[in-house]
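1. model this:
(one chain, ligands or ions: 1)
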Amino acid sequence: MSWKKQSILSASQFSKEDLLDIIALSEKLEKALETKRNLKLLDDYILATLFFEPSTRTRLSFEAAMHRLGGRVISAVGMQFSSLAKGETLFDTLKMVESYSDICAIRHSVEGASALAAQSIKIPVMNAGDGAGEHPTQGLLDLYTIFKRGFLTKKPLRIAFVGDIRYGRTIHSLVQLLAHFGAAMVFVAPDELQLPEKYQKFLDNSKISYLKTSSIDAIKEVDVGYITRIQEERFIDHREYEKFKDAYIVDHALIEKCQPHIAIMHPLPRLSEVSTDLDNHPSAAYFEEAHNGLYVRMALILGLLGINY
Ligand code: CP
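-> Predicted coordinates for the structure are as follows:
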């Protein structure tokens, strides 16, 4: 079954053909926006954005994507500003969203919340991050960024994931997408924040070679360094967070020791793990990564609504 007219709940649902199709459509939309501000393809459609955890990039790029396609947006941001704060269930909230909109994007702190939403309503649901689970649309824009940097066809593409791999939902999604392209992966984290067993099993079954290490030196050999924030909000014991929060810092001095073509990616927001002294360096790909979210999310909205372009 094609990725179109579905919900997007997990990176595991995509075939390699789907991914190449999404990349091609994103590229086409990026090109179209060079000459037009509004593609006027979704005049009669409404996107609902439901963000029950903080967000800047994901919500704003979904909303900008809908506007650039000519559609409209309604939004519920923060539990405290919806009737969830009065005790309404998520199910009842979703039934309202279904009756007001044609497609929705949901961020929630509970893993599996988007999947439950998709079972409850008939409009397409896009998982915009479910707790420490997945963030598949971020994984897709990360893939598009790797493609645009010219690394997706490299044999093998070598990528190091650095930081909070246990709770980093964007990593959980991207790992599954990159497996289709035979990437060689290194996971750089303290033991306590290493890749969950579920994804290790997935990589074993997919016959993807990977290495786990706590040494940042592994980044010196790779094409892409994918750095992540230590996810303070996921720690039950705050002392554990304090122990790991400054585990890794990627800065100009370190990049000088890396491959000259390395791309440094980060889903953002960043704290101190990527130094601002890298921002104007050719390796810095994190702002273009966030920018690419616009095109990829335009492609996803069109595909899920079944609009050909
Ligand atoms: N990358 C990402 O999910 O950013 P936001 O939390 O700002 O949406």
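
2. Give me the secondary structure label for the residue in the stretch 201-309 of the chain that the ligand sits nearest to.
-> For the stretch 201-309 of the chain, the residue closest to the ligand is residue 267, as judged by C-beta to the nearest ligand atom, at 3.8 Å. Backbone N, C-alpha and C define where each C-beta goes, glycine included. Look at residue 267: counting by DSSP: H, G, I helix; E, B strand; the rest coil, its state is coil.

3. What about residue 212, how many residues nearby?
-> Residue 212 has 15 neighbours, counted by other C-beta atoms under 10 Å.

4. Repeat that for the one 4 residues further on.
-> The local packing of residue 216 (other C-beta under 10 Å) involves 18 other residues.

5. And residue 68, by the same measure?
-> Residues lying near residue 68 (other C-beta under 10 Å) number 23.

6. which residues touch it?
-> 33, 37, 38, 39, 294, 298 (C-beta atoms under 8 Å, 6 or more residues apart in numbering).

7. Do I have it right that the residue of the stretch 201-309 of the chain closest to the ligand meets residue 139?
-> No. Using C-beta atoms under 8 Å, residue 267 is not in contact with residue 139; the gap is 9.2 Å.

8. Generate a ChimeraX selection restricted to the buried subset of the contacts of residue 68.
-> This is the ChimeraX syntax for the buried subset of those, where burial follows 16 or more other C-beta atoms under 10 Å:
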select :39,294,298
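
9. Including pLDDT, distance to the ligand and secondary structure, could the contacts of residue 68 go into a markdown table?
-> Listed next are the contacts of residue 68 as a markdown table, based on pLDDT from 0 to 100; distance: C-beta to the nearest ligand atom, whole Å; DSSP: H, G, I helix; E, B strand; the rest coil:
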| residue | pLDDT | distance to the ligand | secondary structure |
| --- | --- | --- | --- |
| 33 | 98 | 21 | coil |
| 37 | 96 | 23 | coil |
| 38 | 97 | 23 | coil |
| 39 | 98 | 23 | coil |
| 294 | 98 | 13 | helix |
| 298 | 98 | 16 | helix |
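
10. Which one of the residues in the stretch 101-250 of the chain is closest to the ligand?
-> Counting by C-beta to the nearest ligand atom, the stretch 101-250 of the chain gets nearest the ligand through residue 138, at 5.2 Å.

11. Now that residue: closest residue in space, sequence neighbours ignored.
-> The shortest distance from residue 138 to any non-neighbouring residue, by C-beta to C-beta, 6 or more residues apart in numbering, is to residue 170 (4.5 Å).

12. Then residue 173?
-> Nearest non-adjacent residue to residue 173, counting by C-beta to C-beta, 6+ apart: residue 139, 3.1 Å away.

13. Dump the C-alpha coordinates for the host helix or strand of that neighbour into PDB.
-> Using DSSP states H and E, the secondary-structure element containing residue 139 is helix 136-148. The C-alpha atoms that make up helix 136-148 are tabulated as PDB, following Å, rounded to 0.1, in the frame of the first residue of the first chain:
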ATOM      1  CA  PRO A 136       8.500  10.300  11.800                       C
ATOM      2  CA  THR A 137       8.000  13.600   9.900                       C
ATOM      3  CA  GLN A 138      11.200  14.900  11.400                       C
ATOM      4  CA  GLY A 139      12.900  11.700  10.300                       C
ATOM      5  CA  LEU A 140      11.700  12.300   6.700                       C
ATOM      6  CA  LEU A 141      13.000  15.900   6.700                       C
ATOM      7  CA  ASP A 142      16.300  14.600   8.000                       C
ATOM      8  CA  LEU A 143      16.400  12.100   5.200                       C
ATOM      9  CA  TYR A 144      15.600  14.900   2.700                       C
ATOM     10  CA  THR A 145      18.500  17.000   4.200                       C
ATOM     11  CA  ILE A 146      20.900  14.000   3.900                       C
ATOM     12  CA  PHE A 147      19.700  13.600   0.300                       C
ATOM     13  CA  LYS A 148      20.300  17.300  -0.500                       C
END
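
14. Report the rounded mean pLDDT for the helix or strand just after that helix.
-> Downstream of helix 136-148, the first helix or strand assigned by DSSP H and E is strand 158-162. Average pLDDT, strand 158-162: 98.

15. can you list the residues of the stretch 101-250 of the chain near the ligand?
-> 129, 135, 138 (C-beta under 6 Å from any ligand atom).

16. go with 8 Å
-> Remark: the part of the stretch 101-250 of the chain in contact with the ligand comprises 107, 128, 129, 135, 138, 170, using C-beta under 8 Å from any ligand atom.

17. Now for the fifth one: which residues touch it?
-> With contacts defined as C-beta under 8 Å, 6+ apart, residue 138 is in contact with 58, 129, 169, 170, 173, 174, 267, 293.

18. Looking at the first one now. What's its pLDDT?
-> Same thing as residue 58. Value for residue 58, per-residue pLDDT: 98.

19. quick one: residue 165 and residue 227, what's the gap?
-> 11 Å (C-beta to C-beta, to the nearest Å).
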